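**Student:** test case, fold it:
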Amino acid sequence: MNPNNFQRMLDEDVERLAPEKYERIVSTVWGNLGFLRMLGDVADLYMSQMVGVMVMAAGGAGPETQNNANHIPPNTPDRPDQNGPIGGGPQSPEITR
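**Tutor:** Numbers count the residues shown, from 1 in each chain. As a prediction, the model looks like this:
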């Protein structure tokens with residue numbers, strides 16, 4: 001397969017560089033890519049957890065309640081507020097039995 005002009009130009013540039021300089025450039029590029037990969041891994045690890053923290057800070061359900069199948073959110077008809085009576089009946093003291 002015949003190399004295109006850009007491949008020939010790259011080969012000429014590599015031939016003009018000293019081997020030590022070429023190796024230093026290659027190692028620097030790979031080092032920078034490794035550093036960027038590490039930053040991406042750290043961001044992936046902590047950003048996903050930070051989203052959960054922000055949801056909990058805004059008043060959302062935490063991860064321990066999401067895994068519990070029997071969890072009933074507060075202030076729903078099945079689980080009234082802690083200060084009110086249990087059940088959905090009338091609130092007047094004359095009607096209670």
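
**Student:** can you give me the helices in the protein?
**Tutor:** Under the criterion DSSP state H, the chain carries helices at the ranges 5-16, 19-57, 63-66.

**Student:** mean neighbour count and mean pLDDT added to those, as JSON lines?
**Tutor:** C-beta here means a position set from N, CA and C on the backbone, and glycine is covered the same way. Listed next are the helices of the chain as JSON lines, based on neighbours: other Cβ atoms under 10 Å; pLDDT from 0 to 100:
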{"stretch": "helix 5-16", "mean neighbour count": "10", "mean pLDDT": "89"}
{"stretch": "helix 19-57", "mean neighbour count": "10", "mean pLDDT": "89"}
{"stretch": "helix 63-66", "mean neighbour count": "10", "mean pLDDT": "58"}
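
**Student:** look up how far Asn2 lies from Glu15.
**Tutor:** Plainly put, Glu15 is 18 Å away from Asn2 if you go by Cβ to Cβ, to the nearest Å.

**Student:** ugh, typo on my part, it should be Arg24
**Tutor:** Separation of Arg24 from Asn2 (Cβ to Cβ): 31 Å.
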